[in-house]
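Visitor: Here you go, sequence then predicted model.
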There are 2 protein chains.
Amino acid sequence: MALIVQKFGGTSVADADRIRSVARRVVATREAGNDVVVCVSAMAGETDKLVGLARELGGDQPTPREYDVLVSTGEQVTIALLTMAIRQLGQRASSFTGAQMGMRTDASHMRARIESIDTEGLRAELDAGGVAVIAGFQGIDEAGNITTLGRGGSDTSAVAVACALKADVCEIYSDVDGVYTADPRWVPSARKLEKISYEEMLEMASLGAKVLQIRSVKFAMRYGLPLHVRSSFDDSEGTWVTREEEVMERLVVSGVTYNLDESKIRVRGVKDQPGIAASVFTPLSAAGIVVDVIIQNLSSDGSTDLTFTVPKADYARALEISSETGARVGAEGVEGDEDIAKVSIVGLGMRDHAGVATKMFNVLADERINIQLINTSEIKISVVIERKYAELAVRALHAAFVPAGAAEPREE
Amino acid sequence: MALIVQKFGGTSVADADRIRSVARRVVATREAGNDVVVCVSAMAGETDKLVGLARELGGDQPTPREYDVLVSTGEQVTIALLTMAIRQLGQRASSFTGAQMGMRTDASHMRARIESIDTEGLRAELDAGGVAVIAGFQGIDEAGNITTLGRGGSDTSAVAVACALKADVCEIYSDVDGVYTADPRWVPSARKLEKISYEEMLEMASLGAKVLQIRSVKFAMRYGLPLHVRSSFDDSEGTWVTREEEVMERLVVSGVTYNLDESKIRVRGVKDQPGIAASVFTPLSAAGIVVDVIIQNLSSDGSTDLTFTVPKADYARALEISSETGARVGAEGVEGDEDIAKVSIVGLGMRDHAGVATKMFNVLADERINIQLINTSEIKISVVIERKYAELAVRALHAAFVPAGAAEPREE
């Protein structure tokens, strides 16, 4: 008998029929002899509806405290409905809001961080043979204010509760049935991975693969909690995210990912002297803009170029801020480019294999794709290229690096 | 400077425009120098939507605990949106869920009773110059479970908080602009009362006038809290519900009301012996059926007839139960009649005026309306008549008892 935390996203609980289907799965898991905690998001569309009302009445920046009071109702609706549906199947169950499960966070509304979880009530429900149905995404601060965890918070709630309860596994159900070696829409030969390490999953998530939220993977990694990413529409095995040593099939490259949401800014011809990078990036971080790839290269004339990427959503503001900075530090010019893509290969095996980067650059060169920026970590190499070559690059890299593999062929 | 509790019903907060309009009224009241607490219902239609989902997933009798978790989200949405709208007007405000304002109730889900209110947080908001926006209808029990107060609970929440804060007045806003001497749809000459006593309001509410919930009037009466029933669509004065001694214009009859939601059952020819009434009514109350008017009359042959009214919604079940009882106690027969109306006159002045009942019976006799049952209290006389005469009876009684009065003529 295992203790299983199951997390269902918004599309999995989008209407009454789907909620009933989730209830059946939960009850089946319980009847197989497991203790079950279920964590749910708001019904698909509900949060958007609430956010729309908040904009209408609260303006562009609704009061964060009230925003959290508002949007947290979405999950509260789902826990009540799912609990009713489970009980209709004859299985004991009780719902828990963030406050009721003692999901204590800091006081940062709309992006709160979990501080502690009081598992007493959840344990009591499990001990009584019941299923605990918990609201994802929400918590309370020390003063009793309702908080929310921000984007992807429900994954984080589920994983945090699973860690607190020392669960055997946290199953993440959505309309995606696992982690693929590449986006199957671009690479038909992409295959579902049986297992992947936390480290690889983290890199892939940060590179734009939207299967799991980074925060939840970090949480799971810290506690060594196995995650199982799977489909809410069928019973097939998904992808296990687990410790490196449990990943048998050690691929040099586990996945090829891409990100089209970045843009590039170049501050050209600044004097190469200490403090230049700081003077360029300090105003950006003060404006809350997250800078990703950064490249600095020295010219023969002693001046330097600083190039970096920022999310497309922040592009206009970042360009404006950088232009002001450029003028102040005497740069020759500041230019931007939104027409870029970041393409990456990720794999634990890279550590032990020399020449992976060289091979990557050769594959792209063979396709006549020019590399604008390069960024590497121990288990990842990212390149920034022109947007129009993104799909070609992903296909070519997948063909070059990912073996056809033993996994069953994927049905389109 | 006064402390004012304002309560807005579902139609007053039905959409973003109406919520903005409520916000303007709240801010105007605050800017006039008053402390303001606002109590709101769910946006019109929201509760019905949630109840529909509960039926779909929880069956005919959804788990009461989960039902309360579900429907309480309706008010939570409204407090957040209204607070945002108030803040958009530059006025400080904070929302309070039932839990956050310490609205402690017993554990009876779906019909909880208020036990205590912790006003500390509300006072702190008022002391800081803010408006406290509270969720009606909801509370928490000792164990932290979410409870709801049942039908009309928001009126009760508002009045209870007003009493706890020793407010100067509780204003009840809705699409009705006051208490009338009769239903204006039936009696064009009906006029809005300036003031009415708690006792009269209680009788009128229990007789079917749906302006205020009985529970909230009882609460206000116990604490001597003035209520002001007024329209959320204009600024006109409504009707004050207050202590008897403050009602200047002491009418013999303050209002003529009717109720079409009752039905009649007659248990005929039972032996007149001790315990007969108990054996008839015990099974009904065990089934949760509320019996209103009860008449027992003795025939010359020593047998007796028991006639009583029950809500139309319970008619079928009540008739079935009474038929079984009738068979058991040897009644000659049990008959039912849904085609009835209860028409009543209410007024404090009745106490001091003999002959009011006689006059009422004469007025009805002049219109050739047969009286089936009569029920009286100190300040009310009710008669049960055939349904088709209800409108005629109300008009005739209004003409006979309610003086044209000094109040301004009402615009249709």
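Guide: Yes, it's here. This is a predicted model, so every value here is computed, not measured.
Visitor: check contacts around A:S377.
Guide: A:S377 is in contact with A:E203, counting by Cβ atoms under 8 Å, 6 or more residues apart in numbering or on different chains. (Glycine included, C-beta is placed from N, CA and C.)
Visitor: How about it: which residues does it bridge to?
Guide: With DSSP bridges as the criterion, A:S377 is bridged to A:K380.
Visitor: For A:I295, give its distance to chain B.
Guide: Using Cβ to the nearest Cβ, to the nearest Å, A:I295 is found at 43 Å from chain B.
Visitor: Could you check how many residues crowd around that residue?
Guide: 16 (other Cβ atoms under 10 Å in any protein chain shown).
Visitor: Kindly indicate whether it is helix, strand or coil.
Guide: The three-state label given to A:I295 by DSSP: H, G, I helix; E, B strand; the rest coil is strand.
Visitor: ok, now the one 10 residues further on?
Guide: Three states are possible here, and by three-state DSSP the one that applies to A:D305 is strand.
Visitor: From A:L373, how far off is it?
Guide: Distance from A:D305 to A:L373, counting by Cβ to Cβ, to the nearest Å: 11 Å.
Visitor: And A:V241, by the same measure?
Guide: 29 Å.
Visitor: how about the nearest residue to the residue in the stretch 301-412 of chain A that chain B sits nearest to, chain neighbours excluded?
Guide: Nearest residue of the stretch 301-412 of chain A to chain B (Cβ to the nearest Cβ) works out as A:A313 at 23.4 Å. The shortest distance from A:A313 to any non-neighbouring residue, by Cβ to Cβ, 6 or more residues apart in numbering or on different chains, is to A:D261 (7.6 Å).
Visitor: Between A:V241 and A:L373, tell me which one has more neighbours.
Guide: The residue with more neighbours, out of A:V241 and A:L373, is A:V241; 31 against 19, by other Cβ under 10 Å.
Visitor: Partner strands of the strand or helix carrying the more buried one and their direction?
Guide: Following DSSP states H and E, one finds A:V241 within strand A:239-242. Paired neighbours of strand A:239-242 in the sheet (DSSP bridges): strand A:195-197 (parallel), strand A:227-231 (antiparallel).
Visitor: Against which helices or strands is the helix or strand just after the first one packed?
Guide: Yep, that's strand A:195-197 we're talking about. Later in the chain than strand A:195-197, the nearest helix or strand by DSSP H and E is helix A:198-206. With contacts defined as 3 or more Cβ pairs under 8 Å, 6 or more residues apart in numbering or on different chains; DSSP states H and E, the packing partners of helix A:198-206 are helix A:214-223, strand A:239-242, strand A:255-259, strand A:340-346.
Visitor: what is the rounded mean pLDDT of the third one?
Guide: Read it as strand A:255-259. Mean pLDDT, computed over strand A:255-259, is 93.
Visitor: which of the residues in the helix or strand that contains A:L284 are buried?
Guide: Using DSSP H and E, A:L284 falls within helix A:276-286. Buried residues in helix A:276-286, defined by neighbour count with 16 or more other Cβ atoms under 10 Å in any protein chain shown: A:I276, A:V280, A:F281, A:L284.
Visitor: Contacts made by the strand holding A:V241 with the rest, please.
Guide: Contacts for strand A:239-242 (Cβ under 8 Å, 6+ apart): A:178-179, A:192-198, A:201, A:212, A:217, A:220, A:226-230, A:246.
Visitor: ok now that strand, how far from the chain's centre?
Guide: In terms of Cα atoms, centre = their mean, to the nearest Å, the centre of strand A:239-242 is found 15 Å from the chain centre.
Visitor: Check which element follows the longest helix anywhere in chain A along the chain.
Guide: For chain A, the helix with the greatest residue count under DSSP state H is helix A:64-88. Counting by DSSP H and E, the next helix or strand C-terminal to helix A:64-88 is strand A:93-96.
Visitor: That next one: partners in the sheet, and parallel or antiparallel?
Guide: Using DSSP bridges, strand A:93-96 pairs in its sheet with strand A:131-135 (parallel).
Visitor: thinking again about what came up before, can you redo the strands paired with strand A:239-242 as JSON lines with mean pLDDT and mean neighbour count?
Guide: Formatted as JSON lines, the strands paired with strand A:239-242 follow (pLDDT from 0 to 100; neighbours: other Cβ atoms under 10 Å in any protein chain shown):
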{"stretch": "strand A:195-197", "mean pLDDT": "93", "mean neighbour count": "23"}
{"stretch": "strand A:227-231", "mean pLDDT": "94", "mean neighbour count": "22"}
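Visitor: Among these, which comes closest to A:E125?
Guide: Proximity to A:E125 (Cβ to Cβ) singles out strand A:227-231 among these, at 22.4 Å.
Visitor: I would like the residues contacting the closest one, please.
Guide: Residues contacting strand A:227-231 (Cβ under 8 Å, 6+ apart): A:159, A:169-179, A:201, A:211-212, A:216-217, A:220, A:236-242.
Visitor: check contacts around A:D292.
Guide: By Cβ under 8 Å, 6+ apart, A:D292 lies in contact with A:E262, A:F308, A:T309, A:V310, A:P311, A:K342, A:N375.
Visitor: pLDDT below threshold where in the stretch 201-350 of chain A?
Guide: Scanning the stretch 201-350 of chain A for pLDDT under 70 picks out A:208-209, A:248-250.
Visitor: ok, the residue in it positioned nearest to chain B - how many residues close by?
Guide: Among the residues of the stretch 201-350 of chain A, A:S232 lies closest to chain B, at 16.8 Å counting by Cβ to the nearest Cβ. By the criterion of other Cβ under 10 Å, A:S232 has 22 neighbours.
Visitor: which parts of the stretch 101-250 of chain A sit against chain B?
Guide: Proximity of the stretch 101-250 of chain A to chain B, by Cβ under 8 Å from any Cβ of the partner chain, involves residues A:G144, A:N145, A:I146.
Visitor: Name the nearest of these relative to chain B.
Guide: Nearest to chain B among these: A:G144, at 5.9 Å, using Cβ to the nearest Cβ.
Visitor: Which residue, other than its chain neighbours, is closest to that closest one?
Guide: Nearest to A:G144 is B:Q100, by Cβ to Cβ, 6+ apart, at 5.9 Å.
Visitor: Pretty sure that neighbour sits against B:G121.
Guide: Yes. B:Q100 lies in contact with B:G121 (Cβ atoms under 8 Å); the separation is 6.5 Å.
Visitor: With neighbour numbers in mind, choose between the two.
Guide: Shown here are B:Q100 and B:G121; by other Cβ under 10 Å, B:Q100 has more neighbours (23 against 17).
Visitor: quick one: contacts for the more buried one?
Guide: So B:Q100 contacts A:G144, A:N145, B:G121 (Cβ under 8 Å, 6+ apart).
Visitor: My read is that the second one contacts A:S72, right?
Guide: Spelled out, it's A:N145. No. Assessed by Cβ under 8 Å, A:N145 is found out of contact with A:S72, at 10.7 Å.
Visitor: Compare the two and say which one has the larger neighbour count.
Guide: Set A:N145 next to A:S72 and count neighbours by other Cβ under 10 Å: A:S72 wins out with 27 against 20.
Visitor: how far away is that one from B:L53?
Guide: Distance, A:S72 to B:L53, by Cβ to Cβ: 18 Å.
Visitor: Ok, A:D366 next?
Guide: Distance, A:D366 to B:L53, by Cβ to Cβ: 57 Å.
Visitor: Ok, A:L70 next?
Guide: Here A:L70 is placed at a distance of 19 Å from B:L53 (Cβ to Cβ).
Visitor: So those two - more neighbours on which side?
Guide: More crowded of A:L70 and B:L53, by other Cβ under 10 Å: A:L70, with 30 against 21.
Visitor: In contact with the residue nearest to the more buried one when sequence neighbours are not counted, which residues are there?
Guide: Excluding the flanking residues, the one nearest A:L70 by Cβ to Cβ, 6+ apart is B:A80, at 3.6 Å. Applying Cβ under 8 Å, 6+ apart to B:A80 gives the contacts A:A54, A:E66, A:Y67, A:V69, A:L70, B:S95.
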